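*Asks:* A structural model of the following input is requested.
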Amino acid sequence: MDQSLYEHTRRQIRDELQNIARLTRAGDDTELLAWAKADRLAGAQALLHWARGRRIRETRAMRSRPHPRFRPTAHSAFAGYRFPPEVITLAVRWYLRFGLSYRDVEELLAERAIEVDHVTVYRWVHRFAPEFAEAARASRHIVGDRWHVDETYLRVGGTWRYLFRAIDQSGQIIDVFLSPRRDALAARHFFERAIGQTRVSPTEVTTDRYRVYPRLVDELFPAAFHRTEAHANNLPATDHGRLKARLRPMRGLKRDRTARVIVTGHAFIQNVRRGFYDLGTDVPSGARLADAFAELAQVI
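*Replies:* Predicted coordinates for the structure are as follows:
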């Protein structure tokens with residue numbers, strides 16, 4: 001046996017004896033504790049006796065490592081869920097894409113021998129719809145520099161809410177913002193958030209003739225041309241109809257948080273279907289949405 005390994009074993013025994021003395025001083029000795037201590041000491045002495053005259057090769061476990069390596073483990077948003085990611089992704093995609101209720105999605109899954117309660121589908125949508133939109137942010141196309149801004153109305157919990165929406169000249173939905181009021185503060189917050197998310201300052205802004213828009217556009221976009229002609233803002237007005245058609249099968253929106261998830265998820269779905277993300281580019285347009293969600297499910 002190498003001298004260094006022999007000394008290493010002796011140090012282990014010495015540390016063992018010190019631990020025994022410390023435990024003895026710390027508390028009362030019962031028969032069981034005394035037997036355990038004696039057994040540990042006898043085992044250490046037997047190890048030393050066995051090591052004499054034997055040549056033991058040093059292993060990696062014997063080497064000291066003052067700073068152990070930290071290996072982070074990959075974490076998925078689907079971890080802890082009973083159903084596989086494919087089922088959750090399918091349910092979320094169906095609900096956001098088609099005019100279905102949660103019970104409709106439950107029935108469609110049941111036809112595929114997947115027993116899921118509609119409340120579970122509700123929780124999936126609210127948990128994973130923002131995850132999919134956030135994961136796709138890096139692959140989104142740059143928005144155009146001509147913005148069409150308009151508002152529509154939603155009823156949430158028996159109260160009317162105002163939904164600000166902006167669309168560029170290509171039809172890409174820039175941003176949506178739900179507000180309890182339609183005033184200068186809400187409009188300013190919407191514009192500032194849209195600029196912060198897209199990092200684009202428009203050269204032309206088309207709005208209706210609401211009195212707060214001229215001053216806000218001049219203040220936030222001093223170099224932009226502000227259009228307010230009649231029928232110049234038909235693009236977002238037409239797109240409002242698609243959102244209203246999606247909300248029609250629902251039995252009303254109960255909370256603002258629910259409304260925000262739905263309108264944001266609908267805008268995300270429309271942008272993916274129209275090809276404003278670098279997702280599903282190698283498949284036909286009819287299969288683009290399914291392929292995009294399959295890609296995103298692997299990274300969230």
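*Asks:* how does this structure divide into domains?
*Replies:* 3-62, 85-135, 143-276 (automatic domain parsing).
*Asks:* So which of those is nearest Ala292?
*Replies:* Of all the domains of the chain, domain 143-276 sits nearest to Ala292, with 5.2 Å by C-beta to C-beta. The way it works is simple: take the backbone N, C-alpha and C, and place the C-beta from them, glycine included.
*Asks:* residues making contact with stretch 252-266?
*Replies:* Contact partners of stretch 252-266, identified using C-beta atoms under 8 Å, 6 or more residues apart in numbering, comprise 96, 125-126, 129-130, 132-133, 154-157, 161, 163, 176, 178, 180, 242-243, 246-247, 250.
*Asks:* now swap in stretch 123-134 and tell me
*Replies:* With C-beta under 8 Å, 6+ apart as the criterion, stretch 123-134 contacts 77, 88-89, 91-92, 95-96, 102, 257-258, 261, 264-265, 268, 293, 296, 300.
*Asks:* Just give me the residue closest to the centre of the chain.
*Replies:* Glu131 (3.2 Å; C-alpha atoms, centre = their mean).
*Asks:* which element follows the helix or strand containing it toward the C-terminus?
*Replies:* According to DSSP states H and E, Glu131 maps onto helix 118-135. Sequence-wise, the next helix or strand downstream of helix 118-135 (DSSP H and E) is strand 146-156.
*Asks:* Rounded mean pLDDT for that next one, please.
*Replies:* The average pLDDT for strand 146-156 rounds to 93.
*Asks:* do you know which of the domains of the chain lies nearest Ser285?
*Replies:* Smallest distance to Ser285 across these (C-beta to C-beta): 7.4 Å, for domain 143-276.
*Asks:* okay, His240: pLDDT?
*Replies:* pLDDT, His240: 88.
*Asks:* Hmm, I typed the wrong one, I wanted Ala46.
*Replies:* So Ala46 comes in at 54 (pLDDT).
*Asks:* likewise Trp124?
*Replies:* 97.
*Asks:* ranges for the strands of the stretch 151-300 of the chain?
*Replies:* Per DSSP state E, counting those that start in this stretch, the stretch 151-300 of the chain carries strands over the ranges 159-168, 173-179, 204-206, 225-227.
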